[in-house]
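> sequence first, then the predicted structure:
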Amino acid sequence: MSEKTGEKTLTDCLLSQYRLCAAGIGLGTAYSLRYKKGFVPMVAAGAVGTTADMVYGYLVECAEFRQEKPNDDAATDVRS
């Protein structure tokens, strides 16, 4: 797989993650309606859900599309 194709596939995979955002908006809406707090809880829960979707997608759902670069740091012994 070429680098451009790999990046596009990873991007498509990450952008297809929506479950936690939808759950956050749903819970935020319910909270807003129940406690009369306006749009703030819905927007905040949607933002948290979107962030969680990106992290979960990158680490779990789309891990197969990531191109890990080997760690070329020299091993150092910090013990003296």
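Happy to help now that I have it.
> now do the contacts for the residue nearest the centre of the chain.
In the chain, the C-alpha nearest the mean C-alpha coordinate belongs to Met54, at 1.3 Å (CA atoms, centre = their mean). By CB atoms under 8 Å, 6 or more residues apart in numbering, the contact set of Met54 is 14, 17. (Glycine included, C-beta is placed from N, CA and C.)
> that one and Tyr18, how far apart?
11 Å (CB to CB, to the nearest Å).
> contact partners for Phe39?
Each residue near Phe39 by CB under 8 Å, 6+ apart is listed here: Ser32.
> got it, and the one 10 residues further on?
When contacts are counted by CB under 8 Å, 6+ apart, Gly49 touches 20-25.
> give me the pLDDT for the residue nearest to the centre of the chain.
What the model reports as pLDDT for Met54 is 94.
> equivalent analysis for Thr51, please.
Value listed for Thr51 in the pLDDT field: 96.
> before we move on, what about Leu20?
94.
> three-state assignment of it?
Put simply, Leu20 is helix when judged by DSSP: H, G, I helix; E, B strand; the rest coil.
> from Thr5, how far out is it?
27 Å.
> what about these two, which has more around it?
Leu20 (20 against 10; other CB atoms under 10 Å).
> OK, contacts around that one?
Contacts of Leu20 (CB under 8 Å, 6+ apart): 49-50, 52-53, 56.
> and those residues, which of them are in helices?
49-50, 52-53, 56 (DSSP state H).
> what are the ranges of the strands in this structure?
Counting by DSSP state E, no segments of the chain form strands.
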